[in-house]
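**Student:** no letters, just coordinates:
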C-alpha cells in the first residue's frame with residue numbers, strides 16, 4: 001500500500017513540476033508587446049466620418065467676398081445664380097466679370113433652362129444705390145422675378 005501511495009505521490013509531484021514549466025513557458029511567450037488595432041481603427045473611422053459629414057454641409061459660394069449690408073432677417077439662398085457688384089461698381093456673374101449689357105441675355109438664357117431660376121444679387125455696401133437698381137432692373141426686365149438681395153445677419 002505504501003509503495004502505491006509513493007508512486008502516486010511521485011506522479012503528482014512530477015505532474016505539478018511539468019505544469020509549472022508549462023506555465024512559465026506560456027507566460028514568457030505571451031509577455032511580448034502586442035498592439036491592439038481595434039481601438040485605433042475605431043478612432044480613425046470616427047474621424048473620417050466626422051470630416052465627411054462636416055464637409056458635405058459646406059456650400060460652394062459663387063459670389064465675391066464683399067462687405068455686405070446687414071439685416072435682421074436673412075434667408076439662405078437655394079441653388080442660384082449670383083450676380084455681384086463690387087465697391088468699384090464692376091459686375092460679376094458667378095464670380096466671372098461681365099458687362100451690364102450681358103446681364104439681360106444671360107438671365108434670359110438661364111430662365112429658358114429653368115423658369116424658376118433664383119438669382120441672388122449681392123452688392124458691396126459702399127456701392128451706390130443707383131447702380132444696384134440699374135442691375136436689378138436689367139434682371140427683372142429679362143423675365144426673372146425670383147431675385148434675392150443678399151445681406152449679412154446682424
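**Tutor:** Arrived safely. Bear in mind that the values here come from a model prediction, so they are computed numbers and not experimental data.
**Student:** wait, isn't residue 139 in contact with residue 106?
**Tutor:** No - look at residue 139 against residue 106 with C-beta atoms under 8 Å: they stay out of range, at 9.6 Å. All C-beta atoms are positioned from the backbone trio N, CA, C, and that covers glycine.
**Student:** what ranges does this protein have for its strands?
**Tutor:** Taking DSSP state E as the criterion, the chain carries its strands at 70-71, 80-85, 91-93, 96-98, 118-123, 147-149, 152-153.
**Student:** could I get those as CSV with mean pLDDT, mean neighbour count and distance to residue 130?
**Tutor:** Putting the strands of the chain into CSV (pLDDT from 0 to 100; neighbours: other C-beta atoms under 10 Å; distance: least, C-beta to C-beta, whole Å) gives the following:
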stretch, mean pLDDT, mean neighbour count, distance to residue 130
strand 70-71, 62, 12, 20
strand 80-85, 88, 22, 11
strand 91-93, 91, 19, 14
strand 96-98, 90, 12, 19
strand 118-123, 88, 21, 11
strand 147-149, 83, 16, 15
strand 152-153, 70, 12, 22
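**Student:** tabulate those strands in CSV, adding columns for distance to residue 38.
**Tutor:** CSV is the format used below for these (distance: least, C-beta to C-beta, whole Å):
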stretch, distance to residue 38
strand 70-71, 51
strand 80-85, 47
strand 91-93, 52
strand 96-98, 51
strand 118-123, 49
strand 147-149, 50
strand 152-153, 45
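**Student:** out of those, the one nearest residue 48 is which?
**Tutor:** Each of the strands of the chain has some distance to residue 48 by C-beta to C-beta; the shortest is strand 80-85, at 31.4 Å.
**Student:** the closest one pairs with which strands?
**Tutor:** strand 91-93 (antiparallel), strand 118-123 (parallel) (DSSP bridges).
**Student:** what's the closest of the ones you listed to residue 129?
**Tutor:** Across these, closest to residue 129 is strand 118-123 (C-beta to C-beta), at 9.0 Å.
**Student:** any idea how many residues pack against residue 133?
**Tutor:** If you count neighbours by other C-beta atoms under 10 Å, residue 133 ends up with 10.
**Student:** likewise residue 35?
**Tutor:** Applying other C-beta under 10 Å, we find 6 residues neighbouring residue 35.
**Student:** would JSON lines of the strands paired with strand 80-85 with distance to residue 40 be doable?
**Tutor:** Formatted as JSON lines, those follow (distance: least, C-beta to C-beta, whole Å):
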{"stretch": "strand 91-93", "distance to residue 40": "48"}
{"stretch": "strand 118-123", "distance to residue 40": "45"}
